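Please work out how this folds:
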Amino acid sequence: MQKNEYLNISKARDIENKNDRRLYRFFEIIPGAISLGTLIGVFVFSWLLPSWTAIFIICFCFYYLLRIVYFSLHQISGYFKIKKNLKTDWLYQLRTIKDKNWKDIYHVVILPTYKEGDKIIRESLDSLISSNYPKEKLIVILAQETRAGKEFEKMAHRIEQIYRDKFLAFLTVFHPDNIEGEIAGKGSNVAFTGQHIKKILNQLNLTYENVLISSFDIDTKVYPQYFSCLTYNFLTQKNPHRASYQPVPAYNNNIWTAHFFTRVVSASSTFWQMIQQERDEKLTTYSSHAIPAKAFFEVGYPANVVCDDSRIFWRSYLYYDGDYRVVPMYYLVSMDVVDSTNIFKTAYNQYKQQRRWAWGCAEIPYLLFGFLQNPKISFFDKISHIYTLLDGYWSWATASLLLLILGWLPILLGGGKFNVTVLSFNLPILTGRIMTISLFGIAISAILSTLLLPPLPKGVSKFKKLPIFFQWIFLPVTLIIFGSFPALDAQIRLMLGKYMGFWVTEKRR
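Take a look at the predicted model:
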């Protein structure tokens, strides 16, 4: 395999060498095999070795309790950092940087769109205009999919006419359909748009070292000081071109009209990102993020994957031999909660969105294979990253199900000999008490979710906040239906070689 050729792999079939292809295929089986093996194993061992399994269950419950405490502390810490950063005057902070001139920094914003409506796009663009960073330093690109049809092509041109004079530059790019080697979706759209970014930067005589590229979802609305905060983080980093910059997504755009279960799922995602910001050594890019133009063009944005937002980080990490990281910004961007025309379609869309996100398990074989190809990355760092990914996707797929069934499995399957033991009698009591104590984690999420809410729209009662607080009692159910099930679905598909395409989440107002 030629140097850096492995960076372009999206699945085992991309590899010509038979031995390498078989090895990559083996790596694709690992996530699903571990998760399914765990779930099957607890049934088998509850039947064959109920006493040992009961001891394991008690240990697992204690481990999960400690994990909840650990995550909750990070969650609280992340919340206070976000609140502090939202109040900080970042333009003033930029003026305090003495050795660098913030006015030299320009931002490119890519807004990939498929069949989203005029209102959604204009709300995102209006948020850019409302930001406090000088608009003459913003370049905005509306990246429209040609496959959306003529109606959306005309809409894109109308929007361009309205906004073309609001920024340093505004242009519409049309991403052609059926380009060989691409997977239709956000990643291929952003990669194609990169060609046009090069042209416009050259026309404006802007150096790549002074440009940051924000790859946004189309529903992303920036908070007022996003670009000022981003610029400050960029200018104060050591070796800033070897890092991506990650805000925290808050799903507040349509929070007041969304269904309760989608609010819980979205808020859980926000809190997970807050926790990850606290553990920046484990942080990867997610959804809307920024990358230096220098790295964007040197590494090349992936056009053949579903989860492009995480792949661009791992691709950069491998390209720069481990000398690449994600800088946590502790600053919010606002996005949409999943919503549709009725509750059943909303649930269906939520499941499919979670399954697409869970397809990030495909990063595990990519990284395992990439680490074998790159001897320059330290062995310790390789082990650390692989463990983080395996643990994360294993927990996503299995933890909720295990907590639901573990306390009773040895009793149901262990037979009469086990059921007369003291351990059998105390097992459900002990596990139940441990899980009751762990409910404080849900209470923390409920409190923080209300504190992160946007202002109430006019005409909406203050009592509207109450359902958003009490919706968290449904967390255990939502974690299974919209957590474990789609994660298992994705891992089994990867294990069987049933590769997924990019599914576009419906956006509506």
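
From now on I want contacts and neighbour counts done on CA atoms only, so please keep to that.
OK.

what residues are up against the closest residue to residue 209 other than its chain neighbours?
Spatial nearest neighbour of residue 209, excluding adjacent residues (CA to CA, 6 or more residues apart in numbering): residue 294 at 5.9 Å. Residues in contact with residue 294 (CA atoms under 8 Å, 6 or more residues apart in numbering) are 208, 209, 211, 241.

for residue 294, phi and psi?
Phi and psi for residue 294, reported as degrees, to the nearest 10, are phi -60, psi -50.

Okay, it and residue 255: tell me how far apart.
Using CA to CA, to the nearest Å, one obtains 36 Å as the distance from residue 294 to residue 255.

And for residue 423?
46 Å.

Restricted to strands, list the contacts of residue 294.
Of these, the ones assigned to strands by DSSP state E are residue 211.

Give me the buried entries from the contacts of residue 294.
208, 211, 241 (16 or more other CA atoms under 10 Å).

In TSV, list those along with pLDDT.
Below are the buried ones among the contacts of residue 294 laid out as TSV (pLDDT from 0 to 100):
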residue	pLDDT
208	96
211	98
241	97
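
So which residues of the stretch 301-450 of the chain form helices?
Ranges of helices in the stretch 301-450 of the chain, per DSSP state H, counting those that start in this stretch, are 308-319, 343-358, 363-373, 379-405, 409-413, 416-419, 422-437, 440-451.

what's the answer for the stretch 151-300 of the chain, then?
Using DSSP H, counting those that start in this stretch, helices in the stretch 151-300 of the chain cover 186-203, 226-235, 260-278, 293-299.

mind checking which of those is nearest residue 417?
helix 260-278 (41.9 Å; CA to CA).

Quick check: buried residues in that closest one?
260-271, 273-278.

And stretch 12-23, by the same measure?
The neighbour-count check on stretch 12-23 (16+ other CA under 10 Å) flags 12, 15, 21 as buried.

from what I can see the first one touches residue 26, true?
No - Residue 12 sits out of contact with residue 26 when judged by CA atoms under 8 Å, with a separation of 9.0 Å.

Adding secondary structure, distance to residue 41 and pLDDT, write the buried residues of stretch 12-23 out as JSON lines.
Below are the buried residues of stretch 12-23 laid out as JSON lines (DSSP: H, G, I helix; E, B strand; the rest coil; distance: CA to CA, whole Å; pLDDT from 0 to 100):
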{"residue": "12", "secondary structure": "helix", "distance to residue 41": "28", "pLDDT": "94"}
{"residue": "15", "secondary structure": "coil", "distance to residue 41": "33", "pLDDT": "93"}
{"residue": "21", "secondary structure": "helix", "distance to residue 41": "29", "pLDDT": "95"}
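
Remind me what the top helix by length along the chain packs against, helices and strands.
Looking across the chain with DSSP state H, the single longest helix is helix 50-87. When contacts are defined as 3 or more CA pairs under 8 Å, 6 or more residues apart in numbering; DSSP states H and E, helix 50-87 sits against helix 18-48, helix 260-278, strand 325-334, helix 409-413, helix 422-437, helix 440-451.

Which of those sits closest to residue 402?
Of the helices and strands packed on helix 50-87, nearest to residue 402 by CA to CA is helix 18-48, at 7.5 Å.

and the closest one, how far from the chain's centre?
24 Å (CA atoms, centre = their mean, to the nearest Å).

Also stretch 320-331?
With CA atoms, centre = their mean as the basis, stretch 320-331 stands 15 Å off its chain's centre.

Kindly report the same for stretch 422-438.
Mean C-alpha position of stretch 422-438 versus that of the full chain (CA atoms, centre = their mean) differs by 34 Å.

got the CA coordinates for it in PDB?
Output of stretch 422-438 as PDB, limited to C-alpha atoms (Å, rounded to 0.1, in the frame of the first residue of the first chain):
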ATOM      1  CA  VAL A 422     -28.600 -15.600  50.100                       C
ATOM      2  CA  LEU A 423     -26.900 -14.100  47.100                       C
ATOM      3  CA  SER A 424     -30.000 -14.800  44.900                       C
ATOM      4  CA  PHE A 425     -32.300 -13.100  47.500                       C
ATOM      5  CA  ASN A 426     -30.100 -10.000  47.900                       C
ATOM      6  CA  LEU A 427     -29.100  -9.500  44.200                       C
ATOM      7  CA  PRO A 428     -32.200  -7.600  43.000                       C
ATOM      8  CA  ILE A 429     -32.300  -5.600  46.200                       C
ATOM      9  CA  LEU A 430     -28.700  -4.600  46.000                       C
ATOM     10  CA  THR A 431     -28.700  -3.800  42.300                       C
ATOM     11  CA  GLY A 432     -32.000  -1.900  42.700                       C
ATOM     12  CA  ARG A 433     -30.500   0.300  45.500                       C
ATOM     13  CA  ILE A 434     -27.400   1.000  43.500                       C
ATOM     14  CA  MET A 435     -29.500   2.100  40.500                       C
ATOM     15  CA  THR A 436     -31.700   4.200  42.700                       C
ATOM     16  CA  ILE A 437     -28.700   6.100  44.000                       C
ATOM     17  CA  SER A 438     -27.500   6.600  40.400                       C
END
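
Leaving aside the residues adjacent along the chain, what's closest to residue 22?
In space, residue 22 is closest to residue 12, 7.4 Å off (CA to CA, 6+ apart).

dump the residue contacts of the one you found.
If you count contacts by CA under 8 Å, 6+ apart, residue 12 has them with 21, 22, 24, 25, 28.

you'd agree residue 140 is in a strand?
Yes - counting by DSSP: H, G, I helix; E, B strand; the rest coil, one finds residue 140 located in a strand.

quick one: contacts for it?
Counting by CA under 8 Å, 6+ apart, residue 140 touches 108, 109, 110, 111, 167, 169, 170, 171.

Next, work out how far apart it and residue 168 are.
Here the criterion is CA to CA. By it, residue 140 lies 8 Å from residue 168.
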